[in-house]
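> What follows is a protein structure lacking sequence information:
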Ligand code: URA
């Protein structure tokens, strides 16, 4: 670094003059005054170009030949240029390739050619339109929003409020792929609460539980014991949003969603609960026992208002694949209806 006092204004070439005018330094810079300059250094430019002026960071890539250092207020101006219309990520990559500090602002050319280099006002610290806000993603919102845990939010909810909470729920990743959250459907007051696993494709499309082939079989089974979702039965699932490709729900998804089911049970106060399939049975009974060992007897589900008899049976989708098991399912239904 050298210190000298020029007797006259420093000589600048036309390009330097344009830059100086652009950054509002033309008059100040061309005034004869003592200045501190940095020796020119060459930027290792890869595919992108970067022009950097610095009076404070000599080890940073510097091109004082293009833009002389500012005399009194050391400023780092960094510009990395990516192809016109390039996505911000491409521009960031260009910046990285050019060796620009990560904090440096990356300029994405608009494709408009003015013949003059453009520097964003935010870098120049001059008045200009504020930077456009980056659109927020669901993940950003999830991080920023002080979210009330589901278990807390459902505590005093009515059935209608609970339904609204489920429809708007973003407690786990399943919300990102759903068409509809499926709250449940059926009769209130509720004699039987039927609990399945999770919405399938049809349920996700229509927003109602058990409306596909499994649902038709379920309706037929219920009708066989004189029950209907119009008058006696409320039908819901452990998980309210469809897992992609109908995969098994993950433990964290169950943990996020089960407070809704527990609140449904507390509000509906069913006379009994019919649990369909291994997954729902294991979740509600807190066990990893097989469905074969859980069906054929009456369990009791403990709630704040007392115990509710709970019967386990096969999932209708399983019965569609294994029709010979329908006889056992029929026994389970009879067991449930005998307990009136
Ligand atoms: N299977 C389920 O477990 N639930 C539904 O709602 C539909 C299919």
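Right, received. Where do you want to start? All of these numbers come straight from a predicted model, not from anything done at the bench. Numbers count the residues shown, from 1 in each chain.
> any weak-confidence spans in the chain?
In the predicted model of the chain, residues 1-146, 339-340 satisfy pLDDT under 70.
> Contact residues of it facing the ligand?
Taking Cβ under 6 Å from any ligand atom, the part of the chain that reaches the ligand is made up of 196-200, 203, 209-210, 214, 237, 317. Where C-beta positions appear, they are placed from N, C-alpha and C, glycine not excepted.
> Okay, the nearest residue to residue 213 once chain neighbours are set aside and residue 214: tell me how far apart.
Leaving out its chain neighbours, the residue that sits closest to residue 213 by Cβ to Cβ, 6 or more residues apart in numbering is residue 320, at 6.2 Å. Distance from residue 320 to residue 214, counting by Cβ to Cβ, to the nearest Å: 7 Å.
> Look at the residue of the stretch 201-340 of the chain found nearest the ligand and give its secondary structure.
For the stretch 201-340 of the chain, the nearest residue to the ligand under the criterion Cβ to the nearest ligand atom is residue 209, separated by 3.7 Å. With DSSP: H, G, I helix; E, B strand; the rest coil as the basis, residue 209 sits in coil.
> what's across from the residue lying closest to it once chain neighbours are set aside in the sheet?
If you skip the residues right next to it in sequence, residue 209 has residue 235 as its closest partner in space, 4.6 Å away by Cβ to Cβ, 6+ apart. Beta-bridge partners of residue 235, counted by DSSP bridges, are residue 185, residue 194.
> for the closest residue to residue 167 other than its chain neighbours, what are its contacts?
Residue nearest to residue 167 in three dimensions, not counting chain neighbours: residue 181, with 5.2 Å by Cβ to Cβ, 6+ apart. Going by Cβ atoms under 8 Å, 6 or more residues apart in numbering, residue 181 touches 166-167, 169, 175, 207, 240-241.
> again, only using 10 Å
For residue 181, the contacting residues are 163, 165-170, 174-175, 199, 204, 207, 239-242, 257, 260, by Cβ atoms under 10 Å, 6 or more residues apart in numbering.
> what's the answer for residue 261, then?
Neighbour list for residue 261: 154, 184, 193, 195, 236-240, 254, 280, 283-284 [criterion: Cβ under 10 Å, 6+ apart].
> hmm, try it at 8 Å
Contact criterion Cβ under 8 Å, 6+ apart gives 195, 236-238, 284 as the residues in contact with residue 261.
> could you measure the residue in the chain that the ligand sits nearest to against residue 248, distance?
Scanning the chain for the residue nearest the ligand gives residue 196, at 3.0 Å (criterion: Cβ to the nearest ligand atom). Computed as Cβ to Cβ, the residue 196 to residue 248 distance reads 13 Å.
> Between these two, point out the one with more neighbours.
residue 196 (28 against 13; other Cβ atoms under 10 Å).
> now for the lengthiest strand in the chain, which elements pack on it?
Scanning the chain for the strand with the most residues, using DSSP state E, yields strand 306-313. Contacts defined by 3 or more Cβ pairs under 8 Å, 6 or more residues apart in numbering; DSSP states H and E place strand 306-313 against strand 272-276, helix 278-285, strand 298-303, helix 326-338.
> Report the buried residues of stretch 321-333.
Within stretch 321-333, the residues scored as buried using 16 or more other Cβ atoms under 10 Å are 328-329, 332-333.
> With stretch 187-196 instead?
By neighbour count on 16+ other Cβ under 10 Å, the buried set for stretch 187-196 is 187, 190-196.
> will you turn these into JSON lines that also has distance to residue 305?
Listed next are the buried residues of stretch 187-196 as JSON lines, based on distance: Cβ to Cβ, whole Å:
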{"residue": "187", "distance to residue 305": "19"}
{"residue": "190", "distance to residue 305": "14"}
{"residue": "191", "distance to residue 305": "16"}
{"residue": "192", "distance to residue 305": "17"}
{"residue": "193", "distance to residue 305": "14"}
{"residue": "194", "distance to residue 305": "19"}
{"residue": "195", "distance to residue 305": "17"}
{"residue": "196", "distance to residue 305": "23"}
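> Neighbour count: residue 320 and residue 214, which is higher?
Neighbours per residue (other Cβ under 10 Å) separate residue 320 from residue 214, with residue 214 holding more: 23 against 14.
> ok, and what's touching stretch 164-171?
For stretch 164-171, contacts defined as Cβ under 8 Å, 6+ apart pick out 138, 141-142, 147, 150, 153-154, 157, 175, 180-181, 183, 240-241, 256-257, 260.
> Show me these that map onto strands.
Among these, no member lies in strands (by DSSP E).
> Those residues, buried ones only, as a ChimeraX selection?
Applied in ChimeraX, the following selects the buried portion of the contacts of stretch 164-171 according to 16+ other Cβ under 10 Å:
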select :150,153,154,157,175,180,181,183,240,241,256,257,260
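> Just the helices from the chain, written as ranges.
Along the chain, counting by DSSP state H, helices occupy 14-22, 26-30, 88-97, 121-124, 138-144, 150-153, 159-167, 201-206, 213-224, 251-268, 278-285, 291-294, 316-321, 326-338.
> Can you tell me which of the residues of the chain next to the ligand is nearest residue 289?
residue 197 (16.5 Å; Cβ to Cβ).
> How about residue 221: what's its closest non-neighbour residue?
Spatial nearest neighbour of residue 221, excluding adjacent residues (Cβ to Cβ, 6+ apart): residue 333 at 6.0 Å.
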